[in-house]
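**Student:** Any chance you can model this:
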Amino acid sequence: MIFTKHSNAFRWIIVIASFAIVSLILWKTYEFFQHFKDEERTKMENWSFAQTEFINSDTNANLNLTLKILNSNTSTPMIVVNEDGNLNSSNNIDLNKIEDPIYLKKLIEKFKNENEPIIVRADNRIFSTIYYGNSPLLNKLKYYPLALLLIIVLFGAVIFFFYSSNKNATQNKLWSGMAKETAHQIGTPLSSLIGWTEILKIENVNPDYIVEIEKDVDRLKTITERFSKIGSLPILEKADIIKETIESYDYLQTRSSKLIDFDLIIPEGEIPVNLNKQLYSWSIENLVKNAIDAMKGRGKLIVEISQLENDVKISITDTGKGISKKDFNKIFEPGFTTKKRGWGLGLSLTKRIIEDFHDGKIKVLQSEKDKGSTIQISLKRAQ
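**Tutor:** The predicted structure follows:
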């Protein structure tokens, strides 16, 4: 209860604490890097002192310690250049590459950028200059913070994905529960309407009125079935897509503005497709209603069915305001809408019905500003 009440504050505390921990780790890593770099500098200075000692020593002197220091560098790459600028010696560098003057010059510039050169003096004059780079271990340590950041980012992404997925799953359960409850609530007055319809038949009311009332009652039954199917895997059965499309088309045509010119273009015969009839009709209605809204109740609407060898195409064309090209994919995202009213769920629901439940495709086939749009559904023919 306390966590729920102050969840936002807890999130900010976690974010700030995480940022502080990451910053501390990066700072300590930087300090360690600099400390290690200073140690390498000291090692190279000792090497330069040993070289000076070697140059200034007598032939009979005991140089065991000096030679041990000179031979101790087994990791740090270095180049020793004499006072004339010519290569004197090198260590931990590919000898074949260093013979190339261009490569040698680039390597010296690289070492100068990494570390300040060390001047070796003998007999009060510059004897040589030592250019040295970072050791392999130091180079690896340099990229350690980046690797650490990458790991932290990936870890954060996993946590975010888990949290987002969990949140979406909770929301889906909520919407499914609301949809099923809506279907249940509609069922009660629907039963009463069916009963009143039977009474009206006995009362010798105009049969045409009864027919229209029964159509709307059947419509409510269909809506109830649709809502009851949300959250569960729909069952597909072989059906004639032409017949199912015509039924949705006819219902919407009789209940839409007379200023809209409806046109239906269909091939002869039947086209079998594995469908969930209620959900498919829901998709067609969503597309037709969106087309009507885009035309503001006046214009021409064409529903066309065409068939290929293995596919069937259902196209809904309107003469409305059109869709911007940048919004071709966005219109199918949940919550996206260009209307002043509406939740932007119709097309996203249609996409889910067609692509997730029927293994089909839906897309904006073409659209032109102020001239209209065509949205096309593609489904596979049943074998």
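
**Student:** can we go C-alpha only for contacts and neighbour counts from here?
**Tutor:** OK.

**Student:** Distance check, the residue nearest in space to the middle of the chain against Val153.
**Tutor:** Closest residue to the average C-alpha location of the chain: Phe161 at 10.7 Å, with Cα atoms, centre = their mean. Separation of Phe161 from Val153 (Cα to Cα, to the nearest Å): 12 Å.

**Student:** Now the phi/psi pair for Lys380, please.
**Tutor:** Torsion angles at Lys380 (phi, psi; degrees, to the nearest 10) stand at phi -90, psi 140.

**Student:** Please name the residues that touch it.
**Tutor:** By Cα atoms under 8 Å, 6 or more residues apart in numbering, the contact set of Lys380 is 273-274, 310-312, 359-360.

**Student:** hmm, 7 Å instead?
**Tutor:** By Cα atoms under 7 Å, 6 or more residues apart in numbering, Lys380 lies in contact with 273, 310-312, 360.

**Student:** List the beta-bridge partners for it.
**Tutor:** Beta-bridge pairing of Lys380 under DSSP bridges involves Asp311.

**Student:** Could you report the pLDDT at it?
**Tutor:** Among the per-residue scores, Lys380 holds a pLDDT of 94.

**Student:** same check, this time on Ile69
**Tutor:** pLDDT, Ile69: 77.

**Student:** swap in Asn64?
**Tutor:** 74.

**Student:** do the one 10 residues further on as well
**Tutor:** With respect to pLDDT, Thr74 scores 77.

**Student:** For it, what are phi and psi?
**Tutor:** Dihedral angles for Thr74 - degrees, to the nearest 10 - are phi -120, psi 0.

**Student:** For it, give me its contacts.
**Tutor:** Contacts of Thr74 (Cα under 7 Å, 6+ apart): Asn92.

**Student:** how near is it to Asn64?
**Tutor:** 18 Å.

**Student:** and what of Glu53?
**Tutor:** Counting by Cα to Cα - Glu53 and Asn64 are separated by 12 Å.

**Student:** and the two? which has more neighbours close in?
**Tutor:** Glu53 (15 against 9; other Cα atoms under 10 Å).

**Student:** Quickly find the element holding that one.
**Tutor:** If you go by DSSP states H and E, Glu53 is part of helix 7-56.

**Student:** cool, and Leu104?
**Tutor:** Secondary structure from DSSP H and E places Leu104 in helix 101-114.

**Student:** what about the closest residue to Asn134 other than its chain neighbours, which SS state?
**Tutor:** For Asn134, ignoring the flanking residues on the chain, the nearest one in space by Cα to Cα, 6 or more residues apart in numbering is Thr76 at 6.3 Å. For Thr76, the secondary-structure state derived from DSSP: H, G, I helix; E, B strand; the rest coil is coil.

**Student:** those strands in the stretch 251-383 of the chain, which residues are they?
**Tutor:** Per DSSP state E, counting those that start in this stretch, the stretch 251-383 of the chain carries strands over the ranges 260-265, 272-275, 299-307, 311-318, 361-368, 372-380.

**Student:** Those strands: which one's closest to Leu104?
**Tutor:** Among the strands of the stretch 251-383 of the chain, strand 361-368 comes nearest to Leu104, with 59.7 Å by Cα to Cα.

**Student:** Buried residues in that closest one, which are they?
**Tutor:** Across strand 361-368, burial judged by 16 or more other Cα atoms under 10 Å covers 361-364, 367.

**Student:** Strand partners (parallel or antiparallel) of it?
**Tutor:** strand 372-380 (antiparallel).

**Student:** angle of the partner strand against strand 299-307?
**Tutor:** 20 degrees (axes from the mean of the first three to the mean of the last three Cα atoms, to 10 degrees).

**Student:** Off-centre distance for stretch 361-370?
**Tutor:** For stretch 361-370, the gap between its own C-alpha mean and the chain's C-alpha mean amounts to 23 Å (Cα atoms, centre = their mean, to the nearest Å).
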